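Chemist: sequence first, then the predicted structure, then my questions.
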Amino acid sequence: MLTLRQRLRSHQIEALLVALTATLATLAIAVFAERRMGGTGLFVPLLLVCALLLVRWPIAAVSLAVAAPIVCEGSTFGIPVMTKLYETVYKQLTALDLLVLLALVAVGLDLLRRRRQPHLPGVLGFPLLMAALAMAAGLAVTLGQGWSPRDTLFTMHVLFYLLLLPIAIVNLDLDRDRLTLVLKGAVALALLKAAMGLVVMASGGSVALDSGTHLTYYEPTANWLMLIALLGTIAAITGGMPKQRWMAAGVPLLVMALLLSYRRSFWIAAVLGLLLVLLLGTSRRGWRVLLPTLALVGIAIWTIGSIEFQAQTPLATRVQSLAPSKLQANAEDRYRLDERVNVIAEIRRHPVAGIGLQADWHASARPLPVEHENGRQYVHFALLWWWLKLGFLGALAFVSLIVGGMLLAWRTWRNNREPLFRCFGLASLCGFLGLLAIETTASFTGVDARFTVVLAVQLGLLAVLQRGAGSTP
(Lines give C-alpha, C1' and ligand atoms only; values in the text may rest on other atoms or scores of the structure.)
Protein backbone atom coordinates (compact mmCIF):
# COMPACT_ATOMS: atom_id res chain seq x y z
CA MET A 1 0.00 0.00 0.00
CA LEU A 2 1.38 3.42 -1.08
CA THR A 3 2.30 5.92 1.60
CA LEU A 4 1.09 9.53 1.53
CA ARG A 5 4.51 10.74 0.30
CA GLN A 6 4.51 8.21 -2.53
CA ARG A 7 1.02 9.20 -3.61
CA LEU A 8 1.96 12.90 -3.63
CA ARG A 9 5.05 12.12 -5.70
CA SER A 10 2.92 10.09 -8.12
CA HIS A 11 0.49 12.99 -8.56
CA GLN A 12 3.38 15.39 -9.14
CA ILE A 13 4.84 13.12 -11.83
CA GLU A 14 1.43 12.88 -13.54
CA ALA A 15 1.04 16.67 -13.45
CA LEU A 16 4.53 17.12 -14.93
CA LEU A 17 3.77 14.64 -17.70
CA VAL A 18 0.51 16.40 -18.54
CA ALA A 19 2.25 19.80 -18.55
CA LEU A 20 5.08 18.44 -20.72
CA THR A 21 2.63 16.87 -23.17
CA ALA A 22 0.62 20.08 -23.38
CA THR A 23 3.78 22.13 -23.95
CA LEU A 24 5.05 19.83 -26.69
CA ALA A 25 1.63 19.80 -28.37
CA THR A 26 1.48 23.60 -28.22
CA LEU A 27 4.94 23.92 -29.75
CA ALA A 28 4.11 21.41 -32.48
CA ILE A 29 0.88 23.24 -33.37
CA ALA A 30 2.65 26.61 -33.35
CA VAL A 31 5.48 25.36 -35.60
CA PHE A 32 3.08 23.70 -38.03
CA ALA A 33 0.82 26.76 -38.14
CA GLU A 34 3.79 29.13 -38.56
CA ARG A 35 4.99 27.19 -41.59
CA ARG A 36 1.53 27.19 -43.12
CA MET A 37 0.36 30.69 -42.22
CA GLY A 38 3.45 32.71 -41.41
CA GLY A 39 3.83 34.78 -38.25
CA THR A 40 0.10 34.78 -37.50
CA GLY A 41 0.28 31.01 -37.06
CA LEU A 42 2.03 31.50 -33.72
CA PHE A 43 -1.31 32.66 -32.30
CA VAL A 44 -3.10 29.46 -33.32
CA PRO A 45 -2.56 27.68 -29.94
CA LEU A 46 -4.10 30.64 -28.12
CA LEU A 47 -7.02 30.63 -30.54
CA LEU A 48 -7.54 26.91 -29.95
CA VAL A 49 -7.72 27.49 -26.19
CA CYS A 50 -10.29 30.26 -26.76
CA ALA A 51 -12.23 27.93 -29.06
CA LEU A 52 -12.36 25.24 -26.38
CA LEU A 53 -13.69 27.78 -23.89
CA LEU A 54 -16.33 29.01 -26.35
CA VAL A 55 -17.49 25.47 -27.08
CA ARG A 56 -18.46 25.23 -23.43
CA TRP A 57 -20.49 28.46 -23.71
CA PRO A 58 -22.68 28.29 -26.84
CA ILE A 59 -24.38 31.67 -26.36
CA ALA A 60 -20.98 33.38 -26.34
CA ALA A 61 -19.87 31.39 -29.39
CA VAL A 62 -22.96 32.38 -31.38
CA SER A 63 -22.73 36.00 -30.20
CA LEU A 64 -19.12 36.21 -31.41
CA ALA A 65 -20.00 34.66 -34.77
CA VAL A 66 -22.68 37.33 -35.27
CA ALA A 67 -20.96 40.37 -33.75
CA ALA A 68 -17.68 39.85 -35.62
CA PRO A 69 -19.11 40.22 -39.16
CA ILE A 70 -21.23 43.16 -37.99
CA VAL A 71 -18.27 45.06 -36.54
CA CYS A 72 -15.66 44.07 -39.14
CA GLU A 73 -16.28 45.68 -42.53
CA GLY A 74 -14.83 44.59 -45.85
CA SER A 75 -12.41 46.30 -48.20
CA THR A 76 -14.76 49.24 -48.86
CA PHE A 77 -14.24 50.54 -45.32
CA GLY A 78 -11.25 52.54 -44.14
CA ILE A 79 -9.92 50.08 -41.52
CA PRO A 80 -7.87 47.41 -43.39
CA VAL A 81 -7.29 45.19 -40.34
CA MET A 82 -11.03 44.37 -40.32
CA THR A 83 -10.73 42.50 -43.62
CA LYS A 84 -8.61 39.79 -41.94
CA LEU A 85 -11.87 38.14 -40.89
CA TYR A 86 -12.66 37.40 -44.55
CA GLU A 87 -9.23 36.29 -45.74
CA THR A 88 -8.54 32.60 -46.37
CA VAL A 89 -7.18 30.82 -43.30
CA TYR A 90 -6.98 27.22 -44.52
CA LYS A 91 -7.87 25.86 -47.94
CA GLN A 92 -10.97 27.92 -48.79
CA LEU A 93 -12.03 28.52 -45.19
CA THR A 94 -12.09 32.06 -43.83
CA ALA A 95 -11.99 33.12 -40.19
CA LEU A 96 -15.72 33.90 -40.43
CA ASP A 97 -16.42 30.35 -41.62
CA LEU A 98 -14.52 29.00 -38.63
CA LEU A 99 -16.44 31.23 -36.21
CA VAL A 100 -19.79 30.09 -37.62
CA LEU A 101 -18.66 26.46 -37.55
CA LEU A 102 -17.51 26.86 -33.93
CA ALA A 103 -20.90 28.32 -32.99
CA LEU A 104 -22.76 25.42 -34.62
CA VAL A 105 -20.52 22.86 -32.91
CA ALA A 106 -21.00 24.59 -29.55
CA VAL A 107 -24.80 24.44 -29.87
CA GLY A 108 -24.70 20.79 -31.00
CA LEU A 109 -22.43 19.72 -28.12
CA ASP A 110 -24.62 21.65 -25.66
CA LEU A 111 -27.65 19.68 -26.84
CA LEU A 112 -25.76 16.41 -26.34
CA ARG A 113 -24.38 17.46 -22.97
CA ARG A 114 -27.81 18.46 -21.65
CA ARG A 115 -29.56 15.59 -23.45
CA ARG A 116 -32.08 18.05 -24.85
CA GLN A 117 -34.42 17.31 -27.72
CA PRO A 118 -33.54 19.52 -30.73
CA HIS A 119 -36.18 22.07 -31.75
CA LEU A 120 -37.15 23.06 -35.26
CA PRO A 121 -37.78 26.75 -35.96
CA GLY A 122 -41.57 26.53 -36.27
CA VAL A 123 -42.85 28.30 -39.36
CA LEU A 124 -39.35 28.22 -40.84
CA GLY A 125 -39.41 24.43 -41.01
CA PHE A 126 -40.89 24.33 -44.51
CA PRO A 127 -38.74 27.17 -45.96
CA LEU A 128 -35.57 25.57 -44.58
CA LEU A 129 -36.61 22.20 -46.00
CA MET A 130 -37.13 23.85 -49.38
CA ALA A 131 -33.71 25.50 -49.09
CA ALA A 132 -32.09 22.15 -48.26
CA LEU A 133 -33.78 20.47 -51.26
CA ALA A 134 -32.73 23.34 -53.53
CA MET A 135 -29.14 23.09 -52.29
CA ALA A 136 -29.12 19.34 -52.89
CA ALA A 137 -30.45 19.86 -56.43
CA GLY A 138 -27.89 22.61 -57.09
CA LEU A 139 -25.11 20.36 -55.79
CA ALA A 140 -26.20 17.51 -58.06
CA VAL A 141 -26.31 19.78 -61.14
CA THR A 142 -22.90 21.26 -60.35
CA LEU A 143 -21.25 17.88 -59.74
CA GLY A 144 -22.81 16.62 -62.96
CA GLN A 145 -20.93 19.37 -64.81
CA GLY A 146 -17.61 17.96 -63.58
CA TRP A 147 -16.83 20.36 -60.74
CA SER A 148 -15.07 18.93 -57.66
CA PRO A 149 -17.24 18.12 -54.62
CA ARG A 150 -14.98 20.06 -52.22
CA ASP A 151 -14.95 23.26 -54.26
CA THR A 152 -18.71 23.05 -54.77
CA LEU A 153 -19.42 22.58 -51.06
CA PHE A 154 -17.21 25.56 -50.23
CA THR A 155 -19.12 27.58 -52.82
CA MET A 156 -22.31 26.76 -50.89
CA HIS A 157 -20.97 27.85 -47.50
CA VAL A 158 -23.12 31.01 -47.33
CA LEU A 159 -26.24 28.95 -48.06
CA PHE A 160 -25.29 26.68 -45.16
CA TYR A 161 -25.28 29.77 -42.91
CA LEU A 162 -28.88 30.44 -43.90
CA LEU A 163 -29.86 26.80 -43.41
CA LEU A 164 -28.19 26.04 -40.06
CA LEU A 165 -27.95 29.27 -38.06
CA PRO A 166 -31.73 29.67 -37.48
CA ILE A 167 -31.82 26.11 -36.13
CA ALA A 168 -28.86 26.87 -33.84
CA ILE A 169 -30.54 30.01 -32.47
CA VAL A 170 -33.77 28.13 -31.72
CA ASN A 171 -31.80 25.52 -29.75
CA LEU A 172 -29.97 28.02 -27.56
CA ASP A 173 -31.04 28.42 -23.94
CA LEU A 174 -32.61 31.87 -24.36
CA ASP A 175 -34.97 33.09 -21.67
CA ARG A 176 -36.74 36.46 -21.49
CA ASP A 177 -33.82 38.29 -19.86
CA ARG A 178 -31.28 36.96 -22.35
CA LEU A 179 -33.49 37.83 -25.31
CA THR A 180 -33.88 41.34 -23.95
CA LEU A 181 -30.12 41.64 -23.57
CA VAL A 182 -29.56 40.36 -27.13
CA LEU A 183 -31.96 42.88 -28.68
CA LYS A 184 -30.57 45.78 -26.63
CA GLY A 185 -27.09 44.72 -27.66
CA ALA A 186 -28.17 44.74 -31.32
CA VAL A 187 -29.44 48.32 -30.99
CA ALA A 188 -26.18 49.33 -29.32
CA LEU A 189 -24.23 47.74 -32.20
CA ALA A 190 -26.37 49.62 -34.72
CA LEU A 191 -25.64 52.94 -33.00
CA LEU A 192 -21.94 52.07 -32.81
CA LYS A 193 -21.91 51.24 -36.54
CA ALA A 194 -23.68 54.50 -37.36
CA ALA A 195 -21.09 56.49 -35.42
CA MET A 196 -18.19 54.51 -36.93
CA GLY A 197 -19.50 55.05 -40.45
CA LEU A 198 -19.82 58.80 -39.99
CA VAL A 199 -16.34 59.10 -38.46
CA VAL A 200 -14.61 57.05 -41.17
CA MET A 201 -16.54 58.89 -43.89
CA ALA A 202 -15.52 62.25 -42.44
CA SER A 203 -11.88 61.15 -42.37
CA GLY A 204 -12.04 60.12 -46.05
CA GLY A 205 -11.29 56.48 -45.32
CA SER A 206 -14.36 54.84 -46.84
CA VAL A 207 -15.10 54.09 -50.48
CA ALA A 208 -16.13 57.04 -52.65
CA LEU A 209 -18.74 57.60 -55.35
CA ASP A 210 -17.72 58.53 -58.88
CA SER A 211 -17.98 62.18 -57.84
CA GLY A 212 -15.34 61.61 -55.16
CA THR A 213 -17.82 61.87 -52.28
CA HIS A 214 -17.14 59.36 -49.49
CA LEU A 215 -20.02 57.37 -48.00
CA THR A 216 -20.67 55.62 -44.71
CA TYR A 217 -21.29 52.00 -45.72
CA TYR A 218 -21.38 50.46 -49.17
CA GLU A 219 -21.86 46.86 -48.02
CA PRO A 220 -25.38 45.86 -46.93
CA THR A 221 -24.85 44.44 -43.43
CA ALA A 222 -24.45 47.68 -41.49
CA ASN A 223 -27.21 49.36 -43.51
CA TRP A 224 -29.61 46.50 -42.77
CA LEU A 225 -28.81 46.55 -39.04
CA MET A 226 -29.26 50.33 -38.88
CA LEU A 227 -32.52 50.09 -40.86
CA ILE A 228 -34.02 47.51 -38.47
CA ALA A 229 -32.83 49.53 -35.45
CA LEU A 230 -34.38 52.69 -36.88
CA LEU A 231 -37.71 51.00 -37.62
CA GLY A 232 -37.75 49.40 -34.17
CA THR A 233 -37.01 52.73 -32.48
CA ILE A 234 -39.75 54.52 -34.41
CA ALA A 235 -42.13 51.67 -33.54
CA ALA A 236 -41.23 52.12 -29.87
CA ILE A 237 -41.76 55.89 -29.98
CA THR A 238 -45.07 55.79 -31.86
CA GLY A 239 -46.35 52.71 -30.07
CA GLY A 240 -46.24 54.15 -26.57
CA MET A 241 -43.12 52.36 -25.32
CA PRO A 242 -41.49 54.27 -22.42
CA LYS A 243 -39.09 56.82 -23.91
CA GLN A 244 -35.38 56.48 -23.17
CA ARG A 245 -32.74 59.16 -23.51
CA TRP A 246 -30.72 57.35 -26.17
CA MET A 247 -33.68 57.52 -28.57
CA ALA A 248 -33.31 61.30 -28.90
CA ALA A 249 -29.77 60.92 -30.24
CA GLY A 250 -30.20 57.48 -31.75
CA VAL A 251 -32.80 58.32 -34.39
CA PRO A 252 -30.91 61.25 -36.00
CA LEU A 253 -27.66 59.24 -35.88
CA LEU A 254 -29.21 56.25 -37.65
CA VAL A 255 -30.99 58.45 -40.19
CA MET A 256 -27.79 60.36 -41.02
CA ALA A 257 -25.71 57.19 -41.43
CA LEU A 258 -28.34 55.59 -43.67
CA LEU A 259 -28.77 58.75 -45.71
CA LEU A 260 -25.04 59.16 -46.26
CA SER A 261 -24.64 55.54 -47.37
CA TYR A 262 -26.05 56.76 -50.73
CA ARG A 263 -27.68 53.31 -51.14
CA ARG A 264 -30.88 54.20 -52.99
CA SER A 265 -32.44 50.77 -52.41
CA PHE A 266 -32.07 51.20 -48.65
CA TRP A 267 -33.55 54.69 -48.90
CA ILE A 268 -36.64 53.25 -50.58
CA ALA A 269 -36.84 50.45 -48.01
CA ALA A 270 -36.51 52.95 -45.16
CA VAL A 271 -39.32 55.18 -46.48
CA LEU A 272 -41.54 52.15 -47.12
CA GLY A 273 -40.73 50.70 -43.70
CA LEU A 274 -41.41 53.93 -41.84
CA LEU A 275 -44.77 54.35 -43.55
CA LEU A 276 -45.70 50.78 -42.66
CA VAL A 277 -44.63 51.30 -39.04
CA LEU A 278 -46.91 54.36 -38.88
CA LEU A 279 -49.72 52.41 -40.51
CA LEU A 280 -49.47 49.27 -38.42
CA GLY A 281 -47.84 50.35 -35.19
CA THR A 282 -49.78 53.39 -34.11
CA SER A 283 -53.18 53.77 -32.58
CA ARG A 284 -56.19 54.92 -34.56
CA ARG A 285 -54.76 58.41 -34.62
CA GLY A 286 -51.88 56.94 -36.63
CA TRP A 287 -54.26 56.48 -39.57
CA ARG A 288 -54.74 60.24 -39.56
CA VAL A 289 -50.97 60.71 -39.60
CA LEU A 290 -50.53 58.31 -42.50
CA LEU A 291 -52.35 60.29 -45.21
CA PRO A 292 -50.48 63.57 -44.60
CA THR A 293 -47.23 61.60 -44.47
CA LEU A 294 -47.95 59.91 -47.81
CA ALA A 295 -48.88 63.28 -49.29
CA LEU A 296 -45.67 64.88 -48.05
CA VAL A 297 -43.53 62.03 -49.39
CA GLY A 298 -45.30 62.24 -52.75
CA ILE A 299 -44.81 66.01 -52.89
CA ALA A 300 -41.15 65.62 -51.95
CA ILE A 301 -40.53 63.01 -54.69
CA TRP A 302 -42.33 65.15 -57.27
CA THR A 303 -40.38 68.22 -56.19
CA ILE A 304 -37.03 66.44 -56.29
CA GLY A 305 -37.78 64.99 -59.70
CA SER A 306 -39.05 68.19 -61.29
CA ILE A 307 -36.88 70.99 -59.90
CA GLU A 308 -33.36 71.63 -61.15
CA PHE A 309 -31.09 72.05 -58.15
CA GLN A 310 -28.86 75.07 -58.34
CA ALA A 311 -26.28 73.41 -56.14
CA GLN A 312 -25.78 69.87 -57.41
CA THR A 313 -24.65 68.31 -54.15
CA PRO A 314 -23.83 64.56 -54.16
CA LEU A 315 -26.95 63.89 -52.10
CA ALA A 316 -29.21 65.83 -54.49
CA THR A 317 -27.65 64.11 -57.51
CA ARG A 318 -28.18 60.70 -55.92
CA VAL A 319 -31.80 61.48 -55.08
CA GLN A 320 -32.46 62.76 -58.62
CA SER A 321 -31.09 59.47 -59.99
CA LEU A 322 -34.14 57.72 -58.53
CA ALA A 323 -36.27 59.19 -61.32
CA PRO A 324 -37.01 56.56 -64.02
CA SER A 325 -35.84 58.96 -66.73
CA LYS A 326 -32.37 58.96 -65.17
CA LEU A 327 -31.88 55.18 -65.18
CA GLN A 328 -30.92 54.81 -68.83
CA ALA A 329 -28.39 57.64 -68.47
CA ASN A 330 -26.58 55.83 -65.64
CA ALA A 331 -24.16 53.15 -66.93
CA GLU A 332 -24.48 50.92 -63.85
CA ASP A 333 -28.29 51.15 -63.80
CA ARG A 334 -28.38 50.33 -67.51
CA TYR A 335 -26.01 47.41 -66.87
CA ARG A 336 -28.36 45.94 -64.25
CA LEU A 337 -31.36 46.21 -66.61
CA ASP A 338 -29.45 44.57 -69.48
CA GLU A 339 -28.09 41.90 -67.13
CA ARG A 340 -31.63 41.09 -65.97
CA VAL A 341 -32.80 40.52 -69.55
CA ASN A 342 -29.90 38.14 -70.17
CA VAL A 343 -30.40 36.24 -66.91
CA ILE A 344 -34.10 35.74 -67.62
CA ALA A 345 -33.14 34.41 -71.06
CA GLU A 346 -30.68 31.99 -69.38
CA ILE A 347 -33.35 30.82 -66.94
CA ARG A 348 -35.68 30.10 -69.86
CA ARG A 349 -33.03 27.73 -71.18
CA HIS A 350 -32.74 25.96 -67.79
CA PRO A 351 -36.09 26.64 -66.06
CA VAL A 352 -36.16 23.57 -63.80
CA ALA A 353 -32.61 22.60 -62.84
CA GLY A 354 -30.79 25.91 -63.24
CA ILE A 355 -27.16 26.19 -64.31
CA GLY A 356 -25.53 25.09 -61.04
CA LEU A 357 -23.41 26.96 -58.53
CA GLN A 358 -20.13 27.19 -60.45
CA ALA A 359 -21.18 27.88 -64.03
CA ASP A 360 -21.42 31.36 -65.58
CA TRP A 361 -24.53 32.51 -67.41
CA HIS A 362 -23.90 33.05 -71.13
CA ALA A 363 -27.11 34.50 -72.59
CA SER A 364 -26.60 37.53 -74.82
CA ALA A 365 -30.17 38.65 -75.49
CA ARG A 366 -28.96 42.20 -74.87
CA PRO A 367 -25.32 43.45 -75.09
CA LEU A 368 -23.85 44.63 -71.79
CA PRO A 369 -22.41 48.18 -71.60
CA VAL A 370 -19.54 46.92 -69.41
CA GLU A 371 -18.15 43.55 -68.27
CA HIS A 372 -17.33 43.13 -64.57
CA GLU A 373 -14.90 40.56 -63.19
CA ASN A 374 -16.93 37.45 -62.23
CA GLY A 375 -20.00 39.46 -63.26
CA ARG A 376 -21.57 36.45 -64.94
CA GLN A 377 -21.52 34.58 -61.64
CA TYR A 378 -23.63 37.27 -60.00
CA VAL A 379 -27.16 38.59 -60.57
CA HIS A 380 -28.50 41.95 -59.34
CA PHE A 381 -31.83 40.37 -58.38
CA ALA A 382 -31.96 37.85 -55.52
CA LEU A 383 -34.95 35.83 -56.76
CA LEU A 384 -33.32 35.43 -60.18
CA TRP A 385 -30.01 34.40 -58.57
CA TRP A 386 -31.71 31.62 -56.59
CA TRP A 387 -33.62 30.45 -59.66
CA LEU A 388 -30.59 30.61 -61.95
CA LYS A 389 -28.20 28.79 -59.58
CA LEU A 390 -30.53 26.36 -57.80
CA GLY A 391 -33.34 25.94 -60.27
CA PHE A 392 -37.07 26.30 -59.71
CA LEU A 393 -36.70 24.82 -56.21
CA GLY A 394 -34.31 27.67 -55.42
CA ALA A 395 -36.90 30.27 -56.43
CA LEU A 396 -39.50 28.57 -54.23
CA ALA A 397 -37.02 28.39 -51.34
CA PHE A 398 -36.22 32.11 -51.56
CA VAL A 399 -39.88 33.14 -51.66
CA SER A 400 -40.81 30.80 -48.80
CA LEU A 401 -37.93 32.09 -46.64
CA ILE A 402 -39.03 35.70 -47.01
CA VAL A 403 -42.71 34.86 -46.52
CA GLY A 404 -41.86 32.66 -43.52
CA GLY A 405 -39.82 35.50 -42.00
CA MET A 406 -42.72 37.93 -42.46
CA LEU A 407 -45.14 35.47 -40.87
CA LEU A 408 -42.82 34.99 -37.88
CA ALA A 409 -42.43 38.75 -37.53
CA TRP A 410 -46.19 39.28 -37.73
CA ARG A 411 -46.87 36.70 -35.02
CA THR A 412 -44.11 38.09 -32.80
CA TRP A 413 -45.60 41.55 -33.10
CA ARG A 414 -49.22 40.50 -32.61
CA ASN A 415 -48.86 37.76 -29.98
CA ASN A 416 -46.10 39.01 -27.69
CA ARG A 417 -46.90 41.34 -24.80
CA GLU A 418 -43.35 42.52 -24.16
CA PRO A 419 -42.99 45.99 -25.80
CA LEU A 420 -39.37 45.44 -26.87
CA PHE A 421 -40.19 42.13 -28.55
CA ARG A 422 -43.25 43.60 -30.25
CA CYS A 423 -41.16 46.45 -31.66
CA PHE A 424 -38.59 43.96 -32.96
CA GLY A 425 -41.37 41.95 -34.63
CA LEU A 426 -42.91 45.02 -36.27
CA ALA A 427 -39.50 46.34 -37.39
CA SER A 428 -38.63 42.96 -38.89
CA LEU A 429 -41.97 42.71 -40.69
CA CYS A 430 -41.57 46.15 -42.26
CA GLY A 431 -37.91 45.47 -42.92
CA PHE A 432 -38.62 42.23 -44.79
CA LEU A 433 -41.13 44.05 -46.98
CA GLY A 434 -38.42 46.62 -47.68
CA LEU A 435 -35.95 43.80 -48.36
CA LEU A 436 -38.12 42.68 -51.28
CA ALA A 437 -37.44 46.09 -52.85
CA ILE A 438 -33.76 46.10 -51.89
CA GLU A 439 -33.08 42.72 -53.48
CA THR A 440 -34.48 43.73 -56.84
CA THR A 441 -31.25 45.73 -57.31
CA ALA A 442 -28.75 43.36 -55.63
CA SER A 443 -28.51 39.82 -54.24
CA PHE A 444 -27.68 39.53 -50.55
CA THR A 445 -29.70 36.66 -49.02
CA GLY A 446 -27.64 33.49 -49.36
CA VAL A 447 -25.03 35.36 -51.45
CA ASP A 448 -23.35 37.93 -49.18
CA ALA A 449 -21.79 36.10 -46.22
CA ARG A 450 -22.01 38.90 -43.65
CA PHE A 451 -25.58 39.85 -44.49
CA THR A 452 -26.69 36.21 -44.50
CA VAL A 453 -25.29 35.61 -41.00
CA VAL A 454 -27.26 38.57 -39.62
CA LEU A 455 -30.46 37.69 -41.49
CA ALA A 456 -30.28 34.02 -40.42
CA VAL A 457 -29.86 34.98 -36.76
CA GLN A 458 -32.73 37.47 -37.07
CA LEU A 459 -34.97 34.70 -38.40
CA GLY A 460 -33.89 32.44 -35.54
CA LEU A 461 -34.67 35.07 -32.91
CA LEU A 462 -38.11 35.65 -34.42
CA ALA A 463 -38.73 31.89 -34.29
CA VAL A 464 -37.78 31.85 -30.59
CA LEU A 465 -40.07 34.80 -29.81
CA GLN A 466 -42.95 33.42 -31.88
CA ARG A 467 -42.65 30.13 -30.01
CA GLY A 468 -43.39 32.05 -26.81
CA ALA A 469 -40.00 32.45 -25.11
CA GLY A 470 -39.90 35.67 -23.21
CA SER A 471 -43.60 36.43 -23.45
CA THR A 472 -45.35 37.76 -20.40
CA PRO A 473 -47.84 35.30 -18.85
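Modeler: Nice, I can see it.

Chemist: for the stretch 151-300 of the chain, which residues score under the pLDDT cut-off?
Modeler: 210-211, 240-245, 282-300 (pLDDT under 70).

Chemist: just the helices in it please.
Modeler: For the stretch 151-300 of the chain, the helices defined by DSSP state H, counting those that start in this stretch cover 157-170, 176-202, 220-238, 245-259, 264-281, 284-306.

Chemist: distance between the fourth one and the chain's centre?
Modeler: This means helix 245-259. Mean-position distance between helix 245-259 and its chain equals 21 Å (C-alpha atoms, centre = their mean, to the nearest Å).

Chemist: just checking, what packs against it?
Modeler: Contacts defined by 3 or more C-beta pairs under 8 Å, 6 or more residues apart in numbering; DSSP states H and E place helix 245-259 against helix 176-202, helix 220-238, helix 264-281. Just so you know, the C-beta spots here come from the backbone N, C-alpha and C atoms, and that holds for glycine as well.

Chemist: let's see 7 Å
Modeler: Using 3 or more C-beta pairs under 7 Å, 6 or more residues apart in numbering; DSSP states H and E, the elements in contact with helix 245-259 are helix 176-202, helix 220-238.

Chemist: quick one: which of those is nearest Ala60?
Modeler: helix 176-202 (11.5 Å; C-beta to C-beta).

Chemist: buried residues, that closest one. List them.
Modeler: 179, 182-183, 186-187, 189-191, 193-194, 196-198, 200-201 (16 or more other C-beta atoms under 10 Å).

Chemist: tell me the pLDDT at Phe424?
Modeler: The model reports Phe424 with a pLDDT of 94.

Chemist: quick one: contacts for it?
Modeler: Contacts for Phe424 (C-beta atoms under 7 Å, 6 or more residues apart in numbering) come out as 183, 232, 412.

Chemist: what number of residues lie near the closest residue to the second one other than its chain neighbours?
Modeler: Read it as Gly232. Using C-beta to C-beta, 6 or more residues apart in numbering and skipping residues adjacent in sequence, the residue nearest Gly232 is Ala427, 3.7 Å away. Here the number of neighbours of Ala427 (other C-beta atoms under 10 Å) works out to 27.

Chemist: surely Ala427 touches Ile234?
Modeler: No: counting by C-beta atoms under 7 Å, Ile234 is not a contact partner of Ala427; they are 8.2 Å apart.

Chemist: the one helix or strand Ala67 maps to packs against which elements?
Modeler: Here Ala67 sits within helix 58-71, counting by DSSP states H and E. In terms of contacts (3+ C-beta pairs under 7 Å, 6+ apart), helix 58-71 is packed against helix 44-55, helix 95-114, helix 176-202, helix 220-238, helix 449-467.

Chemist: want to throw those helices into CSV with distance to Leu388?
Modeler: Output for the helices and strands packed on helix 58-71, formatted as CSV (distance: least, C-beta to C-beta, whole Å):
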stretch, distance to Leu388
helix 44-55, 37
helix 95-114, 24
helix 176-202, 32
helix 220-238, 20
helix 449-467, 18
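
Chemist: give the contact list for Ser364.
Modeler: Shown in contact with Ser364 (C-beta under 7 Å, 6+ apart): Asn342.

Chemist: can you give me every residue that contacts Ala456?
Modeler: Going by C-beta under 7 Å, 6+ apart, Ala456 touches 161-162, 165-166.

Chemist: rerun at 8 Å
Modeler: Neighbouring residues of Ala456 by C-beta atoms under 8 Å, 6 or more residues apart in numbering: 161-162, 164-166, 169.

Chemist: which of these has the most neighbours?
Modeler: Of all the contacts of Ala456, Pro166 has the most neighbours under the rule other C-beta under 10 Å, reaching 31 neighbours.

Chemist: hang on, the earlier thing: in what element of secondary structure is the residue nearest to Gly232 found?
Modeler: Secondary structure from DSSP H and E places Ala427 in helix 419-438.

Chemist: how far does that helix sit from its chain's centre?
Modeler: Distance of helix 419-438 from its chain centroid, counting by C-alpha atoms, centre = their mean, is 14 Å.

Chemist: export the helices and strands packed on helix 245-259 to a markdown table and tack on distance to Gly78?
Modeler: What follows is the helices and strands packed on helix 245-259, written out as a markdown table (distance: least, C-beta to C-beta, whole Å):
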| stretch | distance to Gly78 |
| --- | --- |
| helix 176-202 | 4 |
| helix 220-238 | 13 |
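
Chemist: those: which one's closest to Glu73?
Modeler: Nearest of those to Glu73, taken as C-beta to C-beta: helix 220-238 at 7.1 Å.
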